[in-house]
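Chemist: What would the 3D arrangement of this be:
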Amino acid sequence: MGDRSCTCARCGKEVEGEGLCGECAAQPEASPQKKISDLIECAKKEIERGKRKGVALGNAEELLEGVMLMLEAENADDALRLLNECLEFASERIMQHEMLVAGIKRAEMRIKEAEERGLDTTEAATLLKMAQGALDSAEYREGIDYARKGAEAAQKGRKKDVRVEVAAWQRE
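Modeler: Predicted structure coming up:
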């Protein structure tokens, strides 16, 4: 996955680390209204980017709605605070989703390798299914843990019991 990339706080372009892109950093500080407007656009783009990847971002959308309500009430300070929460939440959820997807792929690969070596992958496969279920239910943190444990279980797999192999062969 490499270094963590974020979006520019002003224009929404992808940048390394947090902050502004080179173009925005060279421009003078924007007015508070312009800053909030730019951050709203940035939040919308971040939410859209996450949605394209299949990330559940309902809470981020609710925070963005709260921002609009704060602006209608002319409460710029709270709007800015909510905007920052929205961006942080969306970025974190996208990162968790990406980590879980990568963890599932790693677990699948390790399970396949273990099966090719004739190892028992029952526990690893169960943990993988739990990770996939966590992905489907947007429980990304838990899913990351299941995927990691599934990959570890596949590596530590034991040789299949001869009786199990014979029973499987007889069913064929």
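Chemist: what are the ranges of the strands in the chain?
Modeler: 5-7, 14-16 (DSSP state E).
Chemist: for this structure, what spans make up the helices?
Modeler: Taking DSSP state H, the helices of the chain run over residues 22-26, 32-52, 58-72, 76-116, 122-136, 140-155, 162-171.
Chemist: And the spatially most central residue of the chain, how far from Ile40?
Modeler: With distances taken as Cα atoms, centre = their mean, the residue of the chain nearest its centroid is His97 (2.0 Å). Distance from His97 to Ile40, counting by Cβ to Cβ, to the nearest Å: 23 Å. Just so you know, the C-beta spots here come from the backbone N, C-alpha and C atoms, and that holds for glycine as well.
Chemist: circling back: wait, the residue nearest to the centre of the chain touches Gly50, no?
Modeler: Yes - applying Cβ atoms under 8 Å as the test, His97 and Gly50 come out as touching, 7.3 Å apart.
Chemist: How far does stretch 82-102 sit from its chain's centre?
Modeler: 6 Å (Cα atoms, centre = their mean, to the nearest Å).
Chemist: mind listing what's buried in it?
Modeler: Within stretch 82-102, the residues scored as buried using 16 or more other Cβ atoms under 10 Å are 82-83, 85-87, 89-91, 93-101.
Chemist: returning to that earlier point: can you redo the helices of the chain as TSV with mean pLDDT and distance to Glu16?
Modeler: Formatted as TSV, the helices of the chain follow (pLDDT from 0 to 100; distance: least, Cβ to Cβ, whole Å):
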stretch	mean pLDDT	distance to Glu16
helix 22-26	76	11
helix 32-52	87	16
helix 58-72	89	22
helix 76-116	93	14
helix 122-136	96	27
helix 140-155	95	23
helix 162-171	56	50
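Chemist: just the ones you listed: most buried one?
Modeler: helix 140-155 (a mean of 21; mean count of other Cβ atoms under 10 Å).
Chemist: how many degrees apart are it and helix 122-136 in direction?
Modeler: 160 degrees (axes from the mean of the first three to the mean of the last three Cα atoms, to 10 degrees).
Chemist: okay, the angle between helix 140-155 and helix 76-116?
Modeler: Using the same axes, to 10 degrees: helix 140-155 against helix 76-116 is 20 degrees.
Chemist: same for helix 140-155, what does it pack against?
Modeler: Other elements packing on helix 140-155 under the criterion 3 or more Cβ pairs under 8 Å, 6 or more residues apart in numbering; DSSP states H and E are helix 76-116, helix 122-136.
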